[in-house]
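Q: Predicted model and sequence follow; I will ask about them next.
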Protein chains: 2
Amino acid sequence: MILGLLGTAEAPRTQNAFTRLEALFADDMSAVNALIIERMHSPVGMIPDLAAHLVSAGGKRLRPLITLASARLAGYEGTAHIKLAATVEFIHSATLLHDDIVDHSTMRRGKPTANTLWGNSASVLVGDFLFARAFSLMVETGHLRVLGILAGASSIIAEGEVRQLAAIANLDLDVKEYMQIIEAKTAELFASAAQVSAVIAGLDDTGEQALARYGRELGLAFQLVDDALDYSGSEAKLGKAVGDDFREGKVTMPVAKAYASADAEEKTFWTDAFAKKQRSDADMAHALRLIDKHDTIKATLSQAREHAHNAQSALQIFDDCETRKALCDLCDFVVERVF
Amino acid sequence: MILGLLGTAEAPRTQNAFTRLEALFADDMSAVNALIIERMHSPVGMIPDLAAHLVSAGGKRLRPLITLASARLAGYEGTAHIKLAATVEFIHSATLLHDDIVDHSTMRRGKPTANTLWGNSASVLVGDFLFARAFSLMVETGHLRVLGILAGASSIIAEGEVRQLAAIANLDLDVKEYMQIIEAKTAELFASAAQVSAVIAGLDDTGEQALARYGRELGLAFQLVDDALDYSGSEAKLGKAVGDDFREGKVTMPVAKAYASADAEEKTFWTDAFAKKQRSDADMAHALRLIDKHDTIKATLSQAREHAHNAQSALQIFDDCETRKALCDLCDFVVERVF
């Protein structure tokens, strides 16, 4: 039943939505990819090796695509959007390298994580390298406001991650607090990825805020779907084990909602399970039963749908065009498909 | 005998050199400290707690002092140097947090390291936060060239750290390669700390390069002394255990030089010792004997003195003044004292 919610009937249409977006920006994305390869280079061989493992392969380039599409929607005609799209992907990659250390993750996108292959130390340092290269790239665009936005976003992302770390195994985390965490750790970069394109295009404040809102709402939808899939997706699609969040003791939306609706006995189960150092397969099976009982995957996904809808609404101030349609379709795709 | 080289007779004079420099820039440094406290703030309590453990206490603020003094030497009359000094300290603090993870360090400045108290995950993320805040601070100065210099320095520092990581236990590391590593991981930030002040003061290229060279040479001297002290200092002065580099399998200058002069039997000792997972106290004692035999602490310190002298020479293009004298005296202090 849980899996059924993810739907397969609409898959071809929504899959095409992402493919269409990729096709619309194929030339720009080739330029972004070339720039990424160029700026990952270092005479210290371990750096491009490790970075390539994460950056060159497997990534969907969702965030840089948002930057590219936002630039076109905003009527931008220069070339700075290429550098900013690469910047956004570098910041994202740096945070992934560090997150995998924090989460003790062993698999990502169907491959062993960089920290598994090269060790935590190398992942810490190469993350720092990518982060620094991201800043160098955006400095080259010469847009001080853009620099301010992305530097600010970077500290907000780190704050969100620390907050999540501090909230580990905290079942009293309410839904509002959880939304603040994912707004910081995930949605902030989506928001910035879109907003910076508005800035370089010289849009007024209304246009800038509309694109920022599009990114933020899409980012919230993306993370909520991610949280739902962690309990309901298939391993092949996820590229990692199902139930990782639970095993790591990370309270995400499906559990927060299940705990909020729990009776006394269920509350005891959740409390005991998250108080343990490790959670067993039997714990995982019982967690899934309770999540199913309270239908919190469905509730999480319908919350994601709301945010996707908000993202679509934010773009209504722009003229109807192929790019706007593609960005709106992307919202449906994010809710219905797994990255 | 090794300890004797560090000298005590001149201590009062050189100790005064640092105190004099601090006194000369006491007002500016108060402003820097206030800014550091302000920008470490976050509603996520773990961030200021962890950051304060490292940043607020114990640090000598050597790098920001160089920025402040360089700005005065360059005739700068604005206020951006305060933000840049805080930026430099934030970048330095972020790298310290991450280095302590990489090196598995348990003590720094006489206190348990942040990773020991809060764990590696928190140290990774708070390091990222400080790094991001550093960028926000420098964006506020509005100097694009300064941003380029410090962003570039940040990736060079990470490259140097990765290179050192890759070189762990590598006794074939020659002295030239070792110098390249410390130029990247240590001297680059010293160089940038001085150079950015030349940029905001609007010095010509000669002035800018002179200050950059001052910082770079001082940084090399600083690191070489650090390497020597790791084998010859007192624990109380170091604020950490003697022999940490050896225990971590980190080949630094005293060992690189001892290995270069080693006979066959000694080479076997070094190779065996660094091939081990852990080095015993007996290994450490024998290492110290070989270092003593080949007098490589003295050789390392005299190399440090050369770089300190180069740093002093670099300032000769500036008019003789109290600031220039203080910066020159700092070079002697760095070679003769322990931070």
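A: Now that the structure is in, tell me what you want to look at. Numbering: from 1, shown residues only, chains lettered A, B, ... in the order given.
Q: From now on I want contacts and neighbour counts done on CA atoms only, so please keep to that.
A: OK.
Q: How about the residues of the stretch 151-300 of chain A by chain B?
A: Residues of the stretch 151-300 of chain A lying close to chain B (C-alpha under 8 Å from any C-alpha of the partner chain) are A:Ala151, A:Gly152, A:Ser154, A:Ser155, A:Ile156, A:Ala158, A:Glu159, A:Glu161, A:Val162, A:Arg163, A:Leu165, A:Ala166.
Q: Can you give me the distance of the most centrally placed residue in chain A to B:Asp320?
A: Per C-alpha atoms, centre = their mean, the C-alpha nearest to the average position across chain A is that of A:Thr186, at 5.1 Å. Remark: distance between A:Thr186 and B:Asp320 (C-alpha to C-alpha, to the nearest Å) = 54 Å.
Q: where does the stretch 1-150 of chain A have low pLDDT?
A: Residues of the stretch 1-150 of chain A meeting the criterion pLDDT under 70: A:1-15, A:57-58.
Q: Tell me where it has strands.
A: For the stretch 1-150 of chain A, the strands defined by DSSP state E, counting those that start in this stretch occupy A:107-108, A:111-112.
Q: Helix or strand for the residue of the stretch 151-300 of chain A found nearest chain B, just tell me which one.
A: As assessed by C-alpha to the nearest C-alpha, chain B sits closest to A:Ser155 within the stretch 151-300 of chain A, at 4.8 Å. For A:Ser155, the host element (DSSP states H and E) is helix A:144-166.
Q: Just want the angle from that helix to helix B:144-166.
A: 40 degrees (axes from the mean of the first three to the mean of the last three C-alpha atoms, to 10 degrees).
Q: Can you name every helix or strand that helix A:144-166 contacts?
A: On a contact count with 3 or more C-alpha pairs under 8 Å, 6 or more residues apart in numbering or on different chains; DSSP states H and E, helix A:144-166 meets helix A:120-141, helix A:175-182, helix A:188-200, helix B:46-55, helix B:120-141.
Q: run the last query once more with 7 Å
A: helix A:175-182, helix A:188-200, helix B:120-141 (3 or more C-alpha pairs under 7 Å, 6 or more residues apart in numbering or on different chains; DSSP states H and E).
Q: what about A:Asp263, neighbour count?
A: Per other C-alpha atoms under 10 Å in any protein chain shown, the neighbour tally for A:Asp263 reads 11.
Q: A:Val124 now?
A: Neighbours of A:Val124 (other C-alpha under 10 Å): 28.
Q: Could you dump the helices and strands packed on helix A:144-166 into CSV and include distance to A:Ala311?
A: Formatted as CSV, those follow (distance: least, C-alpha to C-alpha, whole Å):
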stretch, distance to A:Ala311
helix A:175-182, 16
helix A:188-200, 10
helix B:120-141, 27
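Q: Please work out which of the ones you listed is packed deepest.
A: Of these, the one with the most neighbours on average (mean count of other C-alpha atoms under 10 Å in any protein chain shown) is helix A:188-200, at a mean of 28.
Q: the inter-axis angle of the top helix by length along chain A versus helix A:175-182?
A: Assignment by DSSP state H gives helix A:205-232 as the longest helix of chain A. Per the same axes, to 10 degrees, the angle that helix A:205-232 makes with helix A:175-182 is 110 degrees.
Q: Summarise which helices and strands helix A:205-232 is packed against.
A: Judged by 3+ C-alpha pairs under 7 Å, 6+ apart, the packing partners of helix A:205-232 are helix A:188-200, helix A:296-314, helix A:322-336.
Q: wait, what's in contact with A:Thr216?
A: You called it Thr, but residue A:216 is Arg. A:Ala187, A:Glu188, A:Phe190, A:Ala191 (C-alpha atoms under 7 Å, 6 or more residues apart in numbering or on different chains).
Q: quick check, nearest of these to A:Ala221?
A: Using C-alpha to C-alpha, A:Ala187 is the member of the contacts of A:Arg216 that sits closest to A:Ala221, with 8.7 Å.
Q: where's that closest one relative to B:His92, distance?
A: Using C-alpha to C-alpha, we find A:Ala187 at a distance of 29 Å from B:His92.
Q: Neighbour count: the two, which is higher?
A: A:Ala187 (28 against 24).
Q: Report how many residues lie close to the residue lying closest to that one once chain neighbours are set aside.
A: Leaving aside its sequence neighbours, A:Ala187 sits nearest to A:Gly219 (C-alpha to C-alpha, 6 or more residues apart in numbering or on different chains; 4.1 Å). Counted by other C-alpha under 10 Å, the residues lying close to A:Gly219 total 29.
Q: Show me just the buried residues among the residues of the stretch 151-300 of chain A next to chain B.
A: Among those, the ones that count as buried by 16 or more other C-alpha atoms under 10 Å in any protein chain shown are A:Ala151, A:Gly152, A:Ser154, A:Ser155, A:Ile156, A:Ala158, A:Glu159, A:Glu161, A:Val162, A:Arg163, A:Leu165.
Q: how far away is the last one from B:Tyr76?
A: The spacing between A:Leu165 and B:Tyr76, counted by C-alpha to C-alpha, is 43 Å.
Q: For burial, what's the neighbour tally of A:Gly78?
A: With other C-alpha under 10 Å as criterion, A:Gly78 counts 11.
Q: And it, its phi and psi?
A: phi -90, psi -160 (degrees, to the nearest 10).
Q: Tell me which residues touch it, please.
A: Listed by C-alpha under 7 Å, 6+ apart, A:Gly78 has no contact partners.
Q: hang on, the earlier thing: among the helices and strands packed on helix A:144-166, which comes closest to B:Asp272?
A: Of these, nearest to B:Asp272 by C-alpha to C-alpha is helix B:120-141, at 30.0 Å.
Q: quick revisit: could I get the buried ones among the residues of the stretch 151-300 of chain A next to chain B as TSV with pLDDT?
A: Putting those into TSV (pLDDT from 0 to 100) gives the following:
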residue	pLDDT
A:Ala151	98
A:Gly152	98
A:Ser154	98
A:Ser155	97
A:Ile156	98
A:Ala158	97
A:Glu159	97
A:Glu161	95
A:Val162	95
A:Arg163	94
A:Leu165	90
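Q: Output the residues you listed as TSV; include the columns distance to B:Val102.
A: Below are those laid out as TSV (distance: C-alpha to C-alpha, whole Å):
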residue	distance to B:Val102
A:Ala151	25
A:Gly152	26
A:Ser154	22
A:Ser155	22
A:Ile156	24
A:Ala158	19
A:Glu159	22
A:Glu161	20
A:Val162	19
A:Arg163	23
A:Leu165	20
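Q: tell me the two of those that are most distant?
A: A:Ala151 and A:Leu165, at 21.4 Å, using C-alpha to C-alpha across these.
Q: Next one: A:Lys267 from A:Leu229, what distance?
A: Taking C-alpha to C-alpha, one finds A:Lys267 at 23 Å from A:Leu229.
Q: again with A:Thr271
A: Distance from A:Thr271 to A:Leu229, by C-alpha to C-alpha: 22 Å.
Q: Of those two, give the one with the bigger neighbour count.
A: A:Leu229 (25 against 16).
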